[in-house]
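Chemist: my questions are about this predicted structure, shown below with the sequence.
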Amino acid sequence: MTIPEIYRGCDRKVYLPSGSKYFYTTVQQNIVSDNIQHMKATITAAWLLMLTLPVSGNNDNYAYLGSGSVIYPMEKTNISLEYQFLSFRVEDGYAKVDILFEFNNPGQTEKKLPVGFMILTPEGDIHENMTGKNLILDFRMMKDGYVLPYQLKVAACADCPLEDTGVIKTPGMYVYLFEVGFRPGINRISQSYGFFPSSGKLSGEAYPHLLTTGAKWADGNIGGLTVCIDMDPDKYFFVNDIFGPKASWEIIGSGKITGKIHYNDLPEDSCRMVRVLSGKLQIAVENFRYEDNIFFGTIKGNSPGYKNNRIIDSLRYALWYSIWDVWDIKRFLYSESRLGEYELKILRNIIYARYGYVFKSEDMQNYFSQFEWYIPDPNLVMEEIRLTEKEEELIEVIRNRERIYGNHPVERR
């Protein structure tokens, strides 16, 4: 079975878009003083992020809409990045990013340093109006309570110099340039912006973030990194596990973090699935090296890629990595002509399983217990479940279908 595109980034392999002239080479860890050479190494690292997104050999199978990066020095420096707090808040398909950096200047005098922030242009199956555009919104960087001024530059390729903004070739990149003064000791810089998700053939939403640019600071690592991911309510999402065995993963609120993804020959150290009922995911790690990039997102719950010879296998396969909502259930209900009484019963009860209902029927309890996203609540009774109007309507539609298969009364659950 072919690994779905969404997982191809999890195993950190590189999949080139067809016709792409870009390729991945190991990012140089040493910082060269020549600004242009330094930018080449940084841009090469940025293209690694795009190429490890869930794409296939056809540009029609993915849409990359851009993402942010760790800010980086434009020249060699002994200033180190001591701590980073990286927060993602996703709502209605839009990610708001808030970041706090703590830098240490070991010298005795203030040092002024050119600092960059990189954004890749949209690529793949995108609307023509997005071509070459900077889709990062509400960008701001602050230090000591003041918004820092910047110059916006562009580069057409990994071997091209930075230029003033104008018509940019695609693929290409934008670079925000700052001049930052670092006092002796600890310096704090905050940053915020927003961006839209990328997607693969089978992915729902993918939110990448380039971390490898952080290796350009002194020592190439960071004393402490905290990542918070706050998705839309009741989402089941993946996070690539680049943080190592000593990292702390926890839900601030209520939810569940699964073990590593087991999918055919996918490496076990690739991604974790997370379901947050309320709150957010927090990952904390010390002495982290900026050698990999982070991305997280959801997997489509209803896609042609899930088709199987047996309808029950297709259903189980689709539910393994996604929680279906009303729209997903409707699509499956109206697109499948092979649905029997048992499959209809499952579709109807997906709605109750989302709420954590403990089923009275053994077959339904056993069925949903196989999915990591199912979190049974022994305190929940049917009368306390507040179904939405759309959920009630869909349940009634499915019950009417079920009545076709017999004259016996249809179970409510």
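Modeler: Yes, it's here.
Chemist: where in the chain is the helix or strand with the lowest mean pLDDT?
Modeler: helix 5-8 (a mean of 31; mean pLDDT, DSSP states H and E).
Chemist: pLDDT below threshold where in the stretch 201-350 of the chain?
Modeler: 201-203, 261-269, 301-309 (pLDDT under 70).
Chemist: in it, which spans are strands?
Modeler: Remark: strands assigned in the stretch 201-350 of the chain by DSSP state E, counting those that start in this stretch are 203-209, 221-230, 235-240, 248-260, 271-289, 294-299.
Chemist: redo the ones you listed as TSV? Include mean neighbour count and distance to Leu333.
Modeler: From N, CA and C alone the C-beta is placed, and that goes for glycine too. Below are those laid out as TSV (neighbours: other C-beta atoms under 10 Å; distance: least, C-beta to C-beta, whole Å):
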stretch	mean neighbour count	distance to Leu333
strand 203-209	24	19
strand 221-230	20	31
strand 235-240	24	20
strand 248-260	14	27
strand 271-289	19	24
strand 294-299	24	20
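Chemist: of all the ones you listed, which lies closest to Met141?
Modeler: Met141 sits nearest to strand 203-209 of all those, at 15.7 Å, using C-beta to C-beta.
Chemist: just the CA trace of the closest one, in PDB.
Modeler: Extracted C-alpha coordinates of strand 203-209, given in PDB (Å, rounded to 0.1, in the frame of the first residue of the first chain):
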ATOM      1  CA  SER A 203      -4.000  15.900   4.200                       C
ATOM      2  CA  GLY A 204      -6.600  18.200   5.600                       C
ATOM      3  CA  GLU A 205      -4.400  21.000   6.900                       C
ATOM      4  CA  ALA A 206      -0.700  21.100   7.300                       C
ATOM      5  CA  TYR A 207       1.000  23.900   9.300                       C
ATOM      6  CA  PRO A 208       4.800  23.900   8.800                       C
ATOM      7  CA  HIS A 209       7.400  26.000  10.600                       C
END
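Chemist: check which helices and strands it sits against.
Modeler: With contacts defined as 3 or more C-beta pairs under 8 Å, 6 or more residues apart in numbering; DSSP states H and E, strand 203-209 has these neighbours: helix 5-8, strand 80-91, strand 294-299.
Chemist: can you spell out the domain ranges of the chain, please?
Modeler: 5-299, 309-403 (automatic domain parsing).
Chemist: ranking those domains by burial, who's on top?
Modeler: With neighbours defined as mean count of other C-beta atoms under 10 Å, the domains of the chain peak in mean count at domain 5-299, which reaches a mean of 18.
Chemist: quick one: that domain to chain centroid distance?
Modeler: 10 Å (C-alpha atoms, centre = their mean, to the nearest Å).
Chemist: begin at 642 from here
Modeler: Will do, 642 is the new start, and the previous item becomes domain 646-940.
Chemist: tell me the secondary structure for Asp1004?
Modeler: helix (DSSP: H, G, I helix; E, B strand; the rest coil).
Chemist: could you find the closest non-adjacent residue to the residue most central in space within the chain?
Modeler: Against the mean C-alpha coordinate of the chain, by C-alpha atoms, centre = their mean, the closest residue is Phe937 at 2.1 Å. In space, and not counting its chain neighbours, Phe937 is closest to Val880: 4.3 Å by C-beta to C-beta, 6 or more residues apart in numbering.
Chemist: residue contacts, the one you found?
Modeler: 870, 912-913, 915, 922, 924, 935, 937 (C-beta atoms under 8 Å, 6 or more residues apart in numbering).
Chemist: and those residues, which is closest to Leu727?
Modeler: Ile935 (8.1 Å).
Chemist: returning to what we had before: any chance of JSON lines for the helices and strands packed on strand 844-850, columns distance to Val795?
Modeler: Below are the helices and strands packed on strand 844-850 laid out as JSON lines (distance: least, C-beta to C-beta, whole Å):
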{"stretch": "helix 646-649", "distance to Val795": "29"}
{"stretch": "strand 721-732", "distance to Val795": "26"}
{"stretch": "strand 935-940", "distance to Val795": "24"}
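Chemist: which among the ones you listed is found nearest to Leu851?
Modeler: Counting by C-beta to C-beta, Leu851 lies closest to strand 935-940 out of the helices and strands packed on strand 844-850; the figure is 8.5 Å.
Chemist: surely Phe878 and Thr939 touch.
Modeler: Yes - using C-beta atoms under 8 Å, Phe878 makes contact with Thr939 at a distance of 5.0 Å.
Chemist: mutual contacts of these two, please.
Modeler: Common neighbours of Phe878 and Thr939 (C-beta under 8 Å, 6+ apart) are Met872.
Chemist: nearest to Pro825, of the helices and strands packed on strand 844-850?
Modeler: strand 721-732 (12.9 Å).
Chemist: can you tell me what sits against that closest one?
Modeler: For strand 721-732, contacts defined as C-beta under 8 Å, 6+ apart pick out 711, 736-745, 747, 827, 838, 846, 848, 850, 855, 858-860, 863-873, 876, 937.
Chemist: again with stretch 1011-1023
Modeler: Contacts of stretch 1011-1023 (C-beta under 8 Å, 6+ apart): 877, 896-897, 899, 914, 916, 918, 957, 960-961, 963-964, 993-994, 996-999, 1006, 1009-1010, 1053-1054.
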